[in-house]
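Participant: sequence and predicted model, in that order:
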Amino acid sequence: MKALVLIASGQLEYQETAEPRMQPNEVLIRVQACAIGEDDVAGLDGGSDLRVPPLIMGHEASGVVEQVGGQVHGWRPGDRVAFESLVYSLEDRQVRAGLYHLADAKKRVGVSCQAYRLDGAMAELIALPGHLLHRIPDSVSFDQAALAEPAALAAHALRLTPPNLNQATAVIGCGVTGLLLIQLLSLAGAAPIIAVEHDEERRNFALDSGADEAFSDDAGVGERIRSLTAGHGVAVVFDTLGRADTLQTAIDCLDGNGVVNVVGFSDTSVQAPLQQMVERQLRLQGSCGVCGEFPAVLDMIARRTLDVDFLQSIKAPLSEGALWFDKLVRNEQKLLKVILHP
């Protein structure tokens with residue numbers, strides 16, 4: 001089969017590779033669409049210990065069932081599916097407690113590290129356990145379904161720290177996750193929703209997605225947010241960037257008893273201003289992956305209550321994947337999502 005393979009740091013090659021060997025508990029899927037994730041781009045340079053070459057990257061994808069293992073029930077060839085990218089055993093203690101995203105023993109699709117290597121979906125075929133699959137509604141395209149995972153990630157964060165009706169909320173960082181969060185917050189009745197983003201074009205995307213205000217991330221953003229909320233600040237901040245400066249901005253924006261939900265993170269250590277957090281009774285909440293949100297977001301995409309179409313900047317053949325990775329790394333066209341078609 002053909003696949004886009006990370007063969008060395010910063011070097012992708014479209015090449016012929018062996019087809020995956022399907023296990024009895026797995027389903028073989030012919031990939032129809034695979035989005036380039038932000039973590040894929042970040043891991044391209046080899047600086048991450050989670051993308052050790054050689055590796056087929058990609059985990060935001062959809063496709064058609066090609067073959068079903070003997071231990072799998074409920075799926076048959078021809079079924080249209082989206083799939084989660086966290087592989088875990090159904091016998092894991094956290095899985096049994098309903099927290100499969102926190103499984104003790106887990107692997108991520110499109111990751112190669114010291115412990116394991118699990119090729120991803122930037123290929124014609126991928127084999128995955130049957131319990132990771134979700135049926136795509138008839139009205140949802142493969143390209144739309146490929147964005148179910150980032151939508152589910154945003155939905156999971158919202159589920160952890162849901163705003164009350166008409167409660168002031170802020171989102172720091174208006175990449176894909178931030179823009180999806182803004183849509184979901186608007187649907188949940190949060191108000192005002194305030195976006196914080198350095199890029200003007202993305203601030204405009206935020207306003208189109210349902211934000212009431214969109215501010216640049218300069219030194220005065222905390223004061224502007226307080227002036228917009230009668231001097232109080234917001235109840236919840238979703239930080240999709242996870243840096244030291246964005247954490248401080250989030251805390252500066254919060255009302256007393258507020259919460260910072262960290263959805264994204266960088267690989268740098270961050271010092272928390274504990275004195276401010278104690279004196280104002282602030283909480284720091286991490287949001288990890290997805291846990292049960294896939295069916296809801298697929299249904300919302302089908303009902304057109306959640307818009308993922310505007311996120312699709314480019315659709316291209318998988319053979320051109322290296323070119324589009326390079327453009328994303330260079331941020332040449334300020335792209336949001338590039339969808340690759342094997």
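Facilitator: Yep, that arrived.
Participant: domain ranges for the protein?
Facilitator: 2-147+308-341, 152-286 (automatic domain parsing).
Participant: what's the span of the last one, first residue to last?
Facilitator: Going back to what we said before, that points to domain 152-286. 15 Å (C-alpha to C-alpha, to the nearest Å).
Participant: just stretch 41-61 next, same as before
Facilitator: For stretch 41-61, the end-to-end distance is 16 Å (C-alpha to C-alpha).
Participant: mind listing what's buried in it?
Facilitator: 41-44, 51-52, 55-61 (16 or more other C-beta atoms under 10 Å). To be clear about C-beta, it is placed using only N, CA and C from the backbone, and glycine gets the same treatment.
Participant: ok so, going back, out of the domains of the chain, which comes closest to residue 298?
Facilitator: Closest to residue 298 of the domains of the chain is domain 2-147+308-341 (C-beta to C-beta; 6.0 Å).
Participant: can you pull out the helices in the stretch 201-342 of the chain?
Facilitator: 221-228, 244-253, 274-279, 294-302, 321-330 (DSSP state H, counting those that start in this stretch).
Participant: out of those helices, flag the one nearest residue 142.
Facilitator: Closest to residue 142 of these is helix 294-302 (C-beta to C-beta; 11.8 Å).
Participant: tell me how far the closest one is from the chain's mean position?
Facilitator: When C-alpha coordinates are averaged (C-alpha atoms, centre = their mean, to the nearest Å), helix 294-302 and its chain have centres 15 Å apart.
Participant: hmm, back to that, rebuild the helices of the stretch 201-342 of the chain as CSV, extending it with mean pLDDT, mean neighbour count and distance to residue 4.
Facilitator: Compiled in CSV, the helices of the stretch 201-342 of the chain are given as follows (pLDDT from 0 to 100; neighbours: other C-beta atoms under 10 Å; distance: least, C-beta to C-beta, whole Å):
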stretch, mean pLDDT, mean neighbour count, distance to residue 4
helix 221-228, 94, 17, 39
helix 244-253, 93, 20, 31
helix 274-279, 92, 11, 43
helix 294-302, 98, 20, 24
helix 321-330, 95, 18, 4
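Participant: any idea which of these gets closest to residue 181?
Facilitator: Smallest distance to residue 181 across the helices of the stretch 201-342 of the chain (C-beta to C-beta): 12.2 Å, for helix 294-302.
Participant: any idea how far residue 229 is from residue 12?
Facilitator: 46 Å (C-beta to C-beta, to the nearest Å).
Participant: just the pLDDT for the closest residue to residue 70 other than its chain neighbours.
Facilitator: Spatially, and ignoring its direct neighbours in sequence, residue 70 is nearest to residue 24 (4.9 Å; C-beta to C-beta, 6 or more residues apart in numbering). Per-residue confidence (pLDDT) for residue 24: 98.
Participant: what helix or strand does residue 24 sit in?
Facilitator: Using DSSP states H and E, residue 24 is not contained in any helix or strand.
Participant: now swap in the one 5 residues further on and tell me
Facilitator: Element membership of residue 29 [criterion: DSSP H and E] is strand 26-35.
Participant: list the contacts of the helix or strand that comes right after that strand.
Facilitator: Where DSSP H and E defines the elements, the next helix or strand beyond strand 26-35 is helix 38-43. Applying C-beta atoms under 8 Å, 6 or more residues apart in numbering, the contact partners of helix 38-43 are 6, 48, 50-51, 57-59, 110, 175-177, 325, 328-329.
Participant: centre of the chain versus helix 38-43, how much separation?
Facilitator: Per C-alpha atoms, centre = their mean, the centroid offset for helix 38-43 relative to its chain is 11 Å.
Participant: so what's the spatially most central residue of the chain closest to, chain neighbours aside?
Facilitator: Closest to where the C-alpha atoms of the chain average out (C-alpha atoms, centre = their mean) is residue 150, at 3.2 Å. Once flanking residues are discounted, residue 150 sits nearest to residue 176: 5.2 Å by C-beta to C-beta, 6+ apart.
Participant: same thing with residue 241?
Facilitator: Distances taken as C-beta to C-beta, 6+ apart put residue 173 closest to residue 241, at 4.2 Å, once the chain neighbours are dropped.
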